[in-house]
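1. Pasting the sequence and the predicted model now:
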Amino acid sequence: MRKLWIGMLFGSALGIAACTTYYDDGGRSRVGGYDYVGRDYDRPGNGCGFFGGSGGRVLDPWLACTREGQGIIARRFDSDRDRRITRATAERANVGFRRHADTDRDLRLTDAEIRAALVEAGGVGRH
């Protein structure tokens, strides 16, 4: 049941327009329509270089630079396992994960929400 729900969540993200990470005048990061109010991932882009292709640097840092996030992307979005993804694929993954992580639906992602969603959706060791 959980796999079906997660699949439907990511499938619904297919029709959503592109989202990017940017910083507002106060220096707080915003991802898509979401505020990010944490410290663990507070940096522009991901810069870890784990994924390549046009989407490698577009992935949110919690997807590109954590073991759990890398597992999510590898299993659900990188079918040929070459660690190269398109920009559109990265944007779909970002939007789907942001919606999944925002459990209180306040359009603000916290480190606690991100970490819980990574563990729940990523499942360390379930590669």
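-> Everything's here; your move.
2. and after the biggest helix by length in the chain, which helix or strand comes next?
-> The longest helix of the chain (DSSP state H) is helix 87-101. On the C-terminal side of helix 87-101, the nearest following helix or strand under DSSP states H and E is strand 108-109.
3. What's the mean pLDDT across that following strand?
-> Averaging pLDDT along strand 108-109 gives 91.
4. That strand packs against which elements?
-> In terms of contacts (3 or more C-beta pairs under 8 Å, 6 or more residues apart in numbering; DSSP states H and E), strand 108-109 is packed against strand 34-36. No exception for glycine: its C-beta is placed from N, CA and C like everyone else's.
5. So, low pLDDT: which residues of this protein?
-> By pLDDT under 70, the weakly predicted segments of the chain are 1-33, 43-45, 122-127.
6. change it to 50
-> Residues of the chain meeting the criterion pLDDT under 50: 14-29, 125-127.
7. And the helices in it, which stretches?
-> Taking DSSP H as the criterion, the chain carries its helices at 2-12, 61-64, 67-77, 87-101, 111-122.
8. okay, those helices, which one's buried deepest?
-> helix 61-64 (a mean of 26; mean count of other C-beta atoms under 10 Å).
9. ok, back up a step: let's have the helices of the chain in JSON lines, adding distance to residue 55.
-> Converted to JSON lines, the helices of the chain look like this (distance: least, C-beta to C-beta, whole Å):
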{"stretch": "helix 2-12", "distance to residue 55": "15"}
{"stretch": "helix 61-64", "distance to residue 55": "9"}
{"stretch": "helix 67-77", "distance to residue 55": "9"}
{"stretch": "helix 87-101", "distance to residue 55": "3"}
{"stretch": "helix 111-122", "distance to residue 55": "18"}
